[in-house]
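Student: Got a predicted structure here, sequence first:
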Protein chains: 2
Amino acid sequence: MQIAYRSLEPCAMLSPVPAVMVSCRASAPQSAPNIITVAWAGTVCSSPPMVSISLKPERHSYRLIEESGEFAINLVGADRCREMDWCGVNSGRTQDKFAACGFEPVPVEGLACAPGIGGSPAIIGCRVKDILPLGCHSLFLAETVSVRVREDLFDEQGNIHLERARLVCYSHGIYQAATQVLGFFGWSVARPETLQRRMSQYQQLMEAPCPGTVRNT
Amino acid sequence: MQIAYRSLEPCAMLSPVPAVMVSCRASAPQSAPNIITVAWAGTVCSSPPMVSISLKPERHSYRLIEESGEFAINLVGADRCREMDWCGVNSGRTQDKFAACGFEPVPVEGLACAPGIGGSPAIIGCRVKDILPLGCHSLFLAETVSVRVREDLFDEQGNIHLERARLVCYSHGIYQAATQVLGFFGWSVARPETLQRRMSQYQQLMEAPCPGTVRNT
């Protein structure tokens, strides 16, 4: 049977995309740090590890990052979704966002200027390699120079459990928490014992149907 | 109090990122369509609407997309997460992925070659503008030429509710469903009546604590 679709004007529909807080600072001593909320971000290469963020030239952080050549990506858990939204609708020209949100600026390994946001599930230090004007946004291509993950997100075996942070993603205008674990890379072809061992970590999540969703499957 | 962190070697830690199925086909008549699972994808510009996907040159789909200059991004709901993973660990050189997964190839507005995957929550037609070698991956920058959203994801007022599709995202090796709605862009500064009107659509989601998550907030 043919499934019905509705056509829209071409627009940004790729979803979910990351919802993160990008922190930055101009290179001049004592210059104030800033935070910009970014959803137009992505991983663009595994080796070397590279990310991209897209920013509008009129944004205050654009100049800070262009000038310093640095920024930090701070992953965001559901507990800071409101602060992230607030940072996205206010400007560093008129607001000290770190102070307003009660965030602590912390040093980022490998970066000289940009601070990270203390308490973030993970803080990724990035150095700008290229800036490509595309239209209303410019694409910043950056190499990942450091990665720090919050200690409470590791298990006893040293495995990272980002799902504990209830990371926020963005889908066409709404913020959602990434919650229920569906599987791991390769689970569709994993041997039964591997599947059992890996998925047992998530059993509680897998068994519990998630009321935070609307049934349509 | 100082929050403890553990440092890792620089790696791909940006999370959650989109987990999507990209469909493509060479331009030669009768050539077979293929599907490649992609998590290194992102929105890079709003106007013109542009996306990026990163692919390894050794992947079968790399040549198909390079040659045809087209691909379709198919958003993926939790109900097809297993098929998506399978498409990510198998090659179109040896497998007819559409047939193996029982997917129906459907025409994509604005594209001459690449089919979409019928039943996907949304199908995004993309035309390649540039290919940038970065390292183990090359970045494909593409303009969005068409967007179709499944009819059952619209409400009576014509608002899109992607949350109904339980879209899949990828976080450091695991697939998760984007579920609980936390807010909408601007909610932190919305007037009470706006907040009430917008959030009432998600009230059921907001009120239900989601057992598909580990409490740490």
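Tutor: Yes, it's here. Residues are numbered from 1 along each chain as shown, chains lettered A, B, ... in the order given.

Student: quick one: the helices in chain A?
Tutor: Taking DSSP state H to define them, one finds helices in chain A at A:60-68, A:81-89, A:97-101, A:192-200, A:203-207.

Student: for these, which one sits closest to A:Leu182?
Tutor: Distance to A:Leu182, taken as Cβ to Cβ, is lowest for helix A:203-207 among the helices of chain A, at 8.0 Å. Quick note: C-beta positions are derived from backbone N, CA and C, even for glycine.

Student: about what we covered before: put together JSON lines for the helices of chain A, with mean pLDDT on each row.
Tutor: Output for the helices of chain A, formatted as JSON lines (pLDDT from 0 to 100):
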{"stretch": "helix A:60-68", "mean pLDDT": "97"}
{"stretch": "helix A:81-89", "mean pLDDT": "96"}
{"stretch": "helix A:97-101", "mean pLDDT": "96"}
{"stretch": "helix A:192-200", "mean pLDDT": "89"}
{"stretch": "helix A:203-207", "mean pLDDT": "50"}
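
Student: Kindly reformat those helices as JSON lines containing distance to A:Ile3.
Tutor: Supplementary listing: these in JSON lines, determined by distance: least, Cβ to Cβ, whole Å:
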{"stretch": "helix A:60-68", "distance to A:Ile3": "41"}
{"stretch": "helix A:81-89", "distance to A:Ile3": "32"}
{"stretch": "helix A:97-101", "distance to A:Ile3": "43"}
{"stretch": "helix A:192-200", "distance to A:Ile3": "30"}
{"stretch": "helix A:203-207", "distance to A:Ile3": "28"}
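
Student: Minimum distance to A:Ala28: which of those helices has it?
Tutor: helix A:60-68 (8.7 Å).

Student: That closest one vs chain B: in contact?
Tutor: No. On the criterion Cβ under 8 Å from any Cβ of the partner chain, helix A:60-68 is out of touch with chain B, staying 13.9 Å away.

Student: Just list what that helix packs against, helices and strands only.
Tutor: strand A:20-25, strand A:33-38, strand A:50-55, strand A:122-133 (3 or more Cβ pairs under 8 Å, 6 or more residues apart in numbering or on different chains; DSSP states H and E).

Student: out of those, nearest to B:Gly42?
Tutor: Nearest to B:Gly42, of those and by Cβ to Cβ, is strand A:50-55 at 6.5 Å.

Student: what does the closest one contact?
Tutor: Strand A:50-55 is contacted by residues A:22, A:36, A:38, A:40-44, A:61-62, A:65, A:71, A:73, A:124, A:126, A:129, A:134, A:137-144, B:12, B:14, B:42-45, B:52, B:134-135, B:139 when judged by Cβ atoms under 8 Å, 6 or more residues apart in numbering or on different chains.

Student: re earlier: got CSV for the helices of chain A, with mean neighbour count too?
Tutor: Listed next are these as CSV, based on neighbours: other Cβ atoms under 10 Å in any protein chain shown:
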stretch, mean neighbour count
helix A:60-68, 19
helix A:81-89, 21
helix A:97-101, 17
helix A:192-200, 12
helix A:203-207, 14
